[in-house]
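Asks: coords please:
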Amino acid sequence: MPKFDKSWTLFLDRDGVINVEKKGGYILSWEEFQFEEGALEALAILNGVFGHIIVVTNQRGVGRGLMSMEALRDIHHRMRLLIQANGGRIDAIYACTDADLNSPCRKPAIGMALEAKKDFPAIQFERSVMVGNSVSDMEFGRKLGMYNIWIVSNQESMSSGLADESWKSLYEWALSLRWM
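Replies: Okay, here's the model as predicted:
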């Protein structure tokens, strides 16, 4: 495991990592949003470790007309406020709202990472970590040379060689970093 410090960037998936994933559906409003157990505490710990913390999330529900951009912005605004109130931070959120599964911004495509690099030029992908709970998250990280953390919050099987580590939750992984 690398020695993470402020020169590293943390990329996080949202659903199933920060908040409880809605199986077979989308989180359409703040009322449906629920933080994963320990996620707020984890983000406070990670705030002290990483130089940048970026969320990259596929949110196809907008492109499919199931929710508005305003609703998505509201969810992210409130999420960030609670994270900040609990000692954590999210520096930026990139959401791919395209309905097209082949969109250049939809993970596993790397468009959201390229946008982040444009906004934060100090990001070095080889000094970045991707934390996610899907194969597309791990493929996204691998394409960019990131260190991959697999959160086993769902039943999707992991293809060998995509994850460098696996943990039950963001919180358990964050706790492991306290002793680095």
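
Asks: quick one: residue 132 from residue 21, how far?
Replies: Residue 132 is 11 Å from residue 21, where distance means Cβ to Cβ, to the nearest Å. All C-beta spots, glycine's among them, are computed from the backbone N, C-alpha and C.

Asks: Just want to know which of these two has more residues nearby.
Replies: residue 132 (28 against 20; other Cβ atoms under 10 Å).

Asks: residue contacts, the residue nearest to that one when sequence neighbours are not counted?
Replies: Spatial nearest neighbour of residue 132, chain neighbours left out: residue 13 (3.8 Å); criterion: Cβ to Cβ, 6 or more residues apart in numbering. Neighbouring residues of residue 13 by Cβ atoms under 8 Å, 6 or more residues apart in numbering: 55, 56, 57, 107, 130, 131, 132, 133, 134, 137, 151.

Asks: Nearest to residue 144 among the residues you listed?
Replies: residue 130 (7.6 Å; Cβ to Cβ).

Asks: Partner strands of the strand or helix carrying that closest one, with direction?
Replies: If you go by DSSP states H and E, residue 130 is part of strand 128-132. Applying DSSP bridges to the sheet, strand 128-132 is found paired with strand 9-12 (parallel), strand 147-151 (parallel).

Asks: roughly how far out does the lengthiest strand in the chain sit from the chain middle?
Replies: The residue-count maximum for a strand in the chain (DSSP state E) belongs to strand 52-58. In terms of Cα atoms, centre = their mean, to the nearest Å, the gap separating the centre of strand 52-58 from the centre of its chain is 5 Å.

Asks: Quick check: next helix or strand after the longest helix seen in the chain?
Replies: Ranked by number of residues, the top helix in the chain under DSSP state H is helix 69-85. Toward the C-terminus, helix 69-85 is succeeded by strand 92-96 as the next helix or strand (DSSP H and E).

Asks: Thanks a lot, catch you later.
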